[in-house]
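In: Have a look at this prediction, sequence included:
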Amino acid sequence: MILAVSPDVADIVVPGVLVRRGVTVLAHDPRLDAPLAAAAAALREATGLEEATMATRAMYKRCGIDPTRTRPSSEALLRRVRKGDPLPRVNGLVDIINWCSAETQISFGLYDLGKVQPPITLRLGRTGEGYDGIRKDRVNVEGRLTLADAVGPFGNPTSDSARTMTTPETTDVLVVLFVPAVMPPAHGDRALAITRDRLAEYAGGVDAG
């Protein structure tokens, strides 16, 4: 899986990419009940996440986006948990990715690889570009970091598209970590390793790059 990075965003974001084939996606995976509850409890008390949160906010600001009005998905998850809510449950695969994103404060994108049409590019959205969001109206990506394939934009660090969303029928997945360029590389590497391990444990399948 090759993901090209447009020169206009190369100094803003350094994406991490995982491809996993043959996964099993459960509508609700009871094995995640205890780990997610423990993770939420730990996040309510966690310190040291501010640097990663601010790095992701800085990535948004570099694109001219106010991260308070258009909040990164990683920060939105952390704020939700610290208000006393649990980590959201969607399906087993989404739950894993939300868990990883909240803990690392890196925004993740999760896509059904069978619904993506290569080539894939990470770039700024063009005039008028957008897509139907997941449980949302149209998501505008003009001037914003976006992933685009041969059909058009399908993801960004805040909200992904309904066109490429994962479901219990998904078997092959693409995971993209929107790692801010100012973030220490070790933090992104650690996030990739954690995500790979959790996918292997709870979703099965084979790591394909």
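Out: Alright, I've got the coordinates.
In: Direction included, what does the helix or strand of the chain with the lowest mean pLDDT pair against?
Out: One helix or strand of the chain scores below all others by mean pLDDT, DSSP states H and E: strand 138-140, with a mean of 93. Next to strand 138-140 in the sheet, as set by DSSP bridges, lie strand 130-132 (antiparallel).
In: for the record, mean pLDDT for the strand it pairs with?
Out: The average pLDDT within strand 130-132 is 96.
In: got the contact list for that strand?
Out: 138-142, 152-154, 161-163 (Cβ atoms under 8 Å, 6 or more residues apart in numbering). From N, CA and C alone the C-beta is placed, and that goes for glycine too.
In: Name the nearest of the residues you listed relative to Val206.
Out: Phe154 (23.6 Å; Cβ to Cβ).
In: re the thing from before, most widely separated two among the contacts of strand 130-132?
Out: By the measure Cβ to Cβ, Glu142 and Ala162 form the most distant pair in those, at 18.6 Å.
In: Isn't Asp8 up against Leu124?
Out: Yes - counting by Cβ atoms under 8 Å, Asp8 touches Leu124, with 5.8 Å between them.
In: Pick out whichever of these two has more residues nearby.
Out: Under the neighbour definition other Cβ atoms under 10 Å, Asp8 and Leu124 were set side by side, and Leu124 has more, 18 against 10.
In: so where's this structure shaky on pLDDT?
Out: Scanning the chain for pLDDT under 70 picks out the ranges 1.
In: tell me the helices in it, going along the chain?
Out: For the chain, helices defined by DSSP state H occupy the ranges 33-45, 50-62, 73-82, 92-104, 185-202.
In: my guess is Ala39 contacts Trp99, does it?
Out: Yes - between Ala39 and Trp99 there is a contact under Cβ under 8 Å: 5.6 Å.
In: who touches both of the two?
Out: Counting by Cβ under 8 Å, 6+ apart, the common neighbours of Ala39 and Trp99 are Leu87.
In: what about these two, which has more around it?
Out: Trp99 (23 against 20).
In: The more buried one against Thr195, yeah?
Out: No - counting by Cβ under 8 Å, Thr195 is not a contact partner of Trp99; they are 9.2 Å apart.
In: about what we covered before: which one of the contacts of strand 130-132 is nearest to Gly92?
Out: Ranked by distance to Gly92 (Cβ to Cβ), the contacts of strand 130-132 are led by Ala162 at 19.1 Å.
In: Now do the contacts for the closest one.
Out: Residues in contact with Ala162, defined by Cβ under 8 Å, 6+ apart, are 131-134.
In: So for the most centrally placed residue in the chain, what's the nearest residue that isn't a sequence neighbour?
Out: Nearest residue to the geometric centre of the chain (Cα atoms, centre = their mean): Phe108, 1.3 Å. Computed as Cβ to Cβ, 6 or more residues apart in numbering, the closest residue to Phe108 that is not its neighbour in sequence is Ser101, at 4.5 Å.
In: How about the contacts made by the one you found?
Out: Contacts of Ser101 by Cβ under 8 Å, 6+ apart are 73-74, 77, 107-108.
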